[in-house]
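got a sequence here, can you build the structure:
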Amino acid sequence: KIAKSASIHASAYIAPEGVNIGENVIIAPNATILCGVEIGDNTTIGPNSVIGEEGFHVFKDLNGIKRIVQHDGFVKIGNNVDIQASVTIDKGFMGRDTIIGDECKLDNLIHISHRVHIGKGCYFASYACIGGSCDFGSNVWMGPKSVVANRITVANNARILIGSVVINNIRQNEEVSGNFAIKHEKHLRADARDMFC
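This next block holds a predicted model:
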């Protein structure tokens with residue numbers, strides 16, 4: 001189902017079934033929308049982005065050959081979302097869809113793994129990478145080249161600063177940085193201590 005007001009570039013690929021595209025959606029050149037994707041109104045999908053890709057979950061079959069699990073879930077993108085160039089969003093599986101909330105802004109070259117839930121108004125800068133089954137609250141900022149490990153919860157208004165590697169849950173209004181990420185305030189104190197010692 002594609003709304004009449006949607007604008008889809010001639011070079012974009014839209015799966016022939018299992019896709020729902022809302023009003024005033026813009027899909028840029030060479031974007032790929034696969035089966036199992038719902039896109040809300042007034043949303044933009046940038047060039048070369050792939051929405052609804054299989055996630056990276058591997059198992060061994062009866063012959064011991066490693067195979068990628070076929071995903072049976074959806075990608076649900078809200079209203080007024082801006083997804084820039086070369087973003088990949090994997091679909092959900094095992095009863096949990098991948099959800100991008102209303103008014104989120106995703107910069108270039110971002111990867112969002114399967115089963116991730118992102119709340120309203122989150123901003124993610126370029127090269128951000130989010131592991132599977134993560135939960136993000138609303139108004140979260142994620143800086144360039146930051147990574148969040150799988151099954152992490154990031155609460156409302158959290159800030160993940162540039163290049164952070166997050167392996168623990170982040171509380172509401174908390175600001176983290178570093179590899180592995182800790183409260184940014186601790187880094188500032190350590191820097192100040194080193195400067196005056």
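
for residue 46, see how far away the residue minimising distance to the centre of the chain is.
Nearest to the mean C-alpha position of the chain, by C-alpha atoms, centre = their mean, lies residue 112 at 3.3 Å. Using C-beta to C-beta, to the nearest Å, we find residue 112 at a distance of 14 Å from residue 46. C-betas here are computed from N, CA, C, even on glycine.

can you list the strands that the helix or strand harbouring residue 38 pairs with?
In this structure, residue 38 sits in strand 37-39 according to DSSP states H and E. Here strand 37-39 is paired, per DSSP bridges, with strand 19-21 (parallel), strand 75-77 (parallel).

other residues contacting that strand?
Residues outside strand 37-39 that contact it (C-beta atoms under 8 Å, 6 or more residues apart in numbering) are 15, 18-22, 25, 33, 45, 51-52, 74-77, 81, 91.

I figured residue 9 hits residue 27, correct?
Yes. Residue 9 is in contact with residue 27 according to C-beta atoms under 8 Å; the separation is 6.2 Å.

tell me which of those two has more neighbours.
Between residue 9 and residue 27, residue 27 has the larger neighbour count (other C-beta atoms under 10 Å), namely 27 against 13.

run through the residues that contact that one.
6-9, 12, 14, 21, 33, 44-45.

if you set the cut-off to 6 Å instead, what comes out?
Contact partners of residue 27, counting by C-beta atoms under 6 Å, 6 or more residues apart in numbering, are 8, 12, 45.

in the sheet, who's paired with it?
residue 8, residue 45.

over to residue 75?
residue 37, residue 98.

any stretches of this protein with poor pLDDT?
186-197 (pLDDT under 70).

now do the helices in the protein.
184-196 (DSSP state H).

burial count for residue 174?
Residue 174 has 17 neighbouring residues, counting by other C-beta under 10 Å.

check contacts around it.
Going by C-beta under 6 Å, 6+ apart, residue 174 touches residue 158.

next, give phi and psi for it.
Here is the backbone geometry of residue 174 (degrees, to the nearest 10): phi -80, psi 140.

returning to that earlier point: ok, the residue nearest to the centre of the chain to residue 17 distance?
For residue 112, the distance to residue 17 (C-beta to C-beta) stands at 23 Å.

same thing with residue 35?
With C-beta to C-beta as the criterion, residue 35 and residue 17 are 6 Å apart.

looking at the two, which one has more neighbours?
Higher neighbour count among residue 35 and residue 17: residue 35, with 13 against 8, using other C-beta under 10 Å.

list the buried ones in stretch 132-152?
Of all the residues in stretch 132-152, those buried under the rule 16 or more other C-beta atoms under 10 Å are 132-144, 146-149, 152.

show me those residues that map onto strands.
Within the buried residues of stretch 132-152, residues falling in strands by DSSP state E are 135-136, 141-142, 147-148.

could these go into TSV alongside distance to residue 126?
Below are these laid out as TSV (distance: C-beta to C-beta, whole Å):
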residue	distance to residue 126
135	22
136	17
141	13
142	10
147	13
148	15
